[in-house]
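Visitor: Prediction below, plus the sequence it came from.
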2 protein chains.
Amino acid sequence: MFVIMTYDVGVDRVSKVLKVGRKYLVHIQNSVLEGELSQAQYRALLSEVRRVIREDTDSVRFYVLRTTQYMRVEELGTPRREEGNFL
Amino acid sequence: MFVIMTYDVGVDRVSKVLKVGRKYLVHIQNSVLEGELSQAQYRALLSEVRRVIREDTDSVRFYVLRTTQYMRVEELGTPRREEGNFL
């Protein structure tokens, strides 16, 4: 399944959440990661994210797509990619 | 079609991009908006976003889903919603 992970967390937890996210997904944009995961990998990702966030203030959202057959992605401007063209 | 819009733009263009995005979609998280759009609305959104971003430095990404039948959304922590619980 294809997973899009977006997060809005306290500044002192951003690097922790990103570190966990990058173990499973590609960092595609500032607070967005995406990639193909198995059910087990997805469950593991969720439990690791739970351990590093503050439930009362942080927000992490997962769009889980059983197939990408009905999805297309369009980009305006300069794509950010894992290859390090992050500012 | 269901559209997820994520953006990573220069700080002086964030409010402009968000203002355009909110005309069409719900602001769901820091730099994430989502919602159902017609093809015409989607085209209009893209052309308005193009007018406010800098192509060489900004990045705006649109996940366009023809159906949400194969998608589910999971959230950890405290959902951000348009209803104003943005910090």
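Guide: Noted; the coordinates are in hand. Remember, it's a predicted structure, so these values are computed and weren't measured experimentally.
Visitor: CA only for contacts and neighbour counts going forward, please
Guide: Will do.
Visitor: Would you check how far apart A:Val64 and A:Arg43 are?
Guide: Going from A:Val64 to A:Arg43 by Cα to Cα, to the nearest Å gives 12 Å.
Visitor: my bad, A:Ser31
Guide: Look at A:Ser31 and A:Arg43: by Cα to Cα, they are 20 Å apart.
Visitor: go on, A:Arg50?
Guide: 11 Å.
Visitor: Which one's more surrounded, these two?
Guide: Taking other Cα atoms under 10 Å in any protein chain shown, A:Arg50 and A:Arg43 do not tie; A:Arg50 has more neighbours (15 against 12).
Visitor: Tell me the backbone dihedrals of the more buried one, please.
Guide: phi -60, psi -40 (degrees, to the nearest 10).
Visitor: likewise A:Val52?
Guide: Here the main-chain torsion angles of A:Val52 (degrees, to the nearest 10) amount to phi -110, psi -10.
Visitor: Okay, now the unreliable bits of chain A?
Guide: A:81-87 (pLDDT under 70).
Visitor: Could you list the residues of it in contact with chain B?
Guide: Taking Cα under 8 Å from any Cα of the partner chain, the part of chain A that reaches chain B is made up of A:6-8, A:29-32, A:50, A:53-67, A:70-80.
Visitor: In strands, which of those residues fall?
Guide: A:6-8, A:29, A:32, A:59-65, A:71-77 (DSSP state E).
Visitor: Many thanks, we can stop here.
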